[in-house]
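Peer 1: Can you look at this prediction? I've put the sequence above it.
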Amino acid sequence: MQISEPKHYLLTGATGLLGRYLMKDLTLAGIPLAVHVRPNRRFSAQERIEAIFSYWDQQLGKALPRPKVLCGQLSEDSLGMVPQDISWAAENCCGVIHNAASLSFVSTGRDSEPYVSNVKGTGNVLQFCQEAGIYDFHHVSTAYVCGLRSGVVLESELDEGQEFSNPYEESKVEAEQMTREANFIKSHTVYRPSIIIGDSKTGFTNTFHGFYAAVQLVNTMCNHSTKGRQPTGHLDLYPGRVTLNGSEVKNLVPVDWVSSVMSHIISHPEHHGKTYHLTPRNPVRVRTLHAVLQASSKMYGTQLYGNENPIKDPTEVEQFFYEHIRVYDSYWRNDPTFDSTNTRQAAPHLPCPHIDYKKLLFLARHAIEMNFSWRDKLVKRDTSSLVPH
């Protein structure tokens, strides 16, 4: 009697920060994976995945089984895959983990990002699932589908008539609605992480948005203002005014925790079919973020000015700061309270690491040491003795 091979999950967005952690954690959990990847100017799709797994091999001290790599493009019909890969996926994949997304907060219209990736791309993935007979769908959304809502936001809620502060939020609501309306999907699981930051243990990140964008901007300003002089710990160009009062809260979650919870849910089918807010129990106050920005760049002298009135007489430095951080204006607003009952019930053994001043300073300094950049290194390996996944 022939024993059939276990079915694979097809992962999109594998090369992003969360994707690379999901590949590692799901592989360690024994989940066979296929990954949909496009080549870039440096590496082929296969080489991009090999570079990431070479990193994990080094970190873990052992060689991980490699996923099946399917080269393609999210914006194209059949996800831009060649016929033999389409046939392979239809025969071997039992579910999709749709993680690919554009994080763009600005847009020039419906034919640009983030709508192209988040709405059209999701539609293409759903169309592929229908054609390939894949009915188990795991969708990575965002907690910020809540838009400008306040109060308590439930995991069961989506379209409550809320306003949005940027096109990213709106595009993610549309994508989530699209997946919920796909009647052929038999099991629909949604993950809504809040603001993902780096690894809580190692500090690693390969993307530098949001929190890191502010750290980079302040660090750049400090380096420029102290160029040719010994840093004094207090910039002559300041005090600068930050148009926040400090009591606002932000929900920051480390990527290793988000991946661990998702991998646990994906590998335990009894938890499928629900929506999960992947948010911390204890959000971070803006005054803590302000203190971290100062300490990480040794930029002291700024003050929380309050958000009641705009600055009418901005200094040159203040103008520079707000011009360059404008894209993230909505990022700093006060968050609502995210109910995470489903998450706590599914993974009570995986509490979110506490993100405090010490942890954020560690993450900020690690990003500064990385010079806010990361490039995977391709490592050739001997595959003659390895058994394919």
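Peer 2: Arrived safely. Residues are numbered from 1 along each chain as shown.
Peer 1: From here on, just use CA atoms for contacts and neighbour counts.
Peer 2: OK.
Peer 1: Look up the closest residue to Ala295, ignoring the ones flanking it.
Peer 2: Leu361 (7.4 Å; CA to CA, 6 or more residues apart in numbering).
Peer 1: low pLDDT regions in the stretch 101-250 of the chain?
Peer 2: For the stretch 101-250 of the chain, the stretches flagged by pLDDT under 70 are 225-239.
Peer 1: quick one: the strands in it?
Peer 2: Assigned by DSSP state E, counting those that start in this stretch, the stretch 101-250 of the chain shows strands spanning 136-140, 152-153, 187-193, 195-197, 241-242, 249-250.
Peer 1: Switch those over to a markdown table; also include distance to Val286.
Peer 2: Formatted as a markdown table, the strands of the stretch 101-250 of the chain follow (distance: least, CA to CA, whole Å):
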| stretch | distance to Val286 |
| --- | --- |
| strand 136-140 | 26 |
| strand 152-153 | 19 |
| strand 187-193 | 19 |
| strand 195-197 | 14 |
| strand 241-242 | 11 |
| strand 249-250 | 6 |
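Peer 1: Export the ones you listed to CSV and append columns for mean neighbour count and distance to Tyr212.
Peer 2: Formatted as CSV, those follow (neighbours: other CA atoms under 10 Å; distance: least, CA to CA, whole Å):
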stretch, mean neighbour count, distance to Tyr212
strand 136-140, 24, 21
strand 152-153, 16, 26
strand 187-193, 21, 17
strand 195-197, 24, 8
strand 241-242, 18, 17
strand 249-250, 22, 14
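Peer 1: To His349, which of these lies closest?
Peer 2: His349 lies closest to strand 187-193 among the strands of the stretch 101-250 of the chain, at 17.8 Å (CA to CA).
Peer 1: Could you give the bridge partners of Gly95?
Peer 2: Tyr9, Asp136 (DSSP bridges).
Peer 1: If I follow the layout properly, it ends up in contact with Tyr135?
Peer 2: Yes: under the criterion of CA atoms under 8 Å, Gly95 makes contact with Tyr135 at 6.4 Å.
Peer 1: higher neighbour count, the two?
Peer 2: Gly95 (23 against 20; other CA atoms under 10 Å).
Peer 1: residues in contact with the more buried one?
Peer 2: 8-10, 134-138 (CA atoms under 8 Å, 6 or more residues apart in numbering).
Peer 1: List just the nearest of those to Gly30.
Peer 2: Closest to Gly30 out of those is His8 (10.4 Å), distances taken as CA to CA.
Peer 1: burial count for the closest one?
Peer 2: 21.
Peer 1: do Phe204 as well
Peer 2: 19.
Peer 1: Correct me if wrong: it contacts Gly198.
Peer 2: Yes: contact criterion CA under 8 Å: Phe204 and Gly198 qualify, at 5.3 Å.
Peer 1: could you measure Pro32 against Ala89, distance?
Peer 2: According to CA to CA, to the nearest Å, Pro32 and Ala89 sit 12 Å apart.
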